[in-house]
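S.K.: pasting the structure only:
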C-alpha cells in the first residue's frame, strides 16, 4: 500500500480530513482523560495532571508517558500519577488520541506491557489494536 502510494487515500477514507477534534488544550485533555478514567477505571488512583508535551517526539518511540511519584509526607505515603501526551496528537483524529490516552490510563493499573495490560486496553477501547496500527500508519505517512 505504501509502495503503491495508496496509504494516504486509505487513511483519508478511514478518517475523513477536516474532522479535527476539539481537544487542543491541557485543560481539555485533562477533562477528556478524567471522563475515560471515570467510565472504565473508577477504582484506580487519582490523576494529578494530564498535559500535551511539545517536546515529546516519535523519535523517543513514545507518544505518551506516565509518571508515578511516591513521597513520604509526615507519616503517610503520598503518590501522584501524571500523564503526558505528545502534542502531535492535537492534529490527528480523535480515535487515535483516545487510543494513546487509553494506553497511558492502563498503566495506572498495569505497569508492564503484558497480557493483562492489553486486555485492559481492549476493555476500554475495543478497537485498540486497529487504532494503534492506524496511528503507526499515520506517522509513517507523515515522516515518509
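M.R.: The structure has been received and is ready for your questions. Model, not experiment: these values are computed from the prediction.

S.K.: measure the residue minimising distance to the centre of the chain to residue 88 for me?
M.R.: Nearest residue to the geometric centre of the chain (C-alpha atoms, centre = their mean): residue 100, 1.6 Å. Relative to residue 88, residue 100 is positioned 10 Å away (C-beta to C-beta, to the nearest Å). The way it works is simple: take the backbone N, C-alpha and C, and place the C-beta from them, glycine included.

S.K.: Likewise for residue 23?
M.R.: Taking C-beta to C-beta, one finds residue 23 at 13 Å from residue 88.

S.K.: hmm, back to that, can you confirm the residue nearest to the centre of the chain is in a helix?
M.R.: Yes - counting by DSSP: H, G, I helix; E, B strand; the rest coil, residue 100 falls inside a helix.

S.K.: Quick check: it touching residue 84?
M.R.: No - under the criterion of C-beta atoms under 8 Å, residue 100 is not in contact with residue 84, lying 10.4 Å apart.

S.K.: residues in contact with residue 53?
M.R.: 65, 84-87 (C-beta atoms under 8 Å, 6 or more residues apart in numbering).

S.K.: would you list every one of the helices in the protein?
M.R.: In the chain, the segments counted as helices under DSSP state H are 7-14, 26-40, 94-109, 115-124, 128-143.

S.K.: From the chain's centroid, how far away is the shortest one?
M.R.: How far helix 7-14 lies from its chain's middle: 21 Å, per C-alpha atoms, centre = their mean, to the nearest Å.
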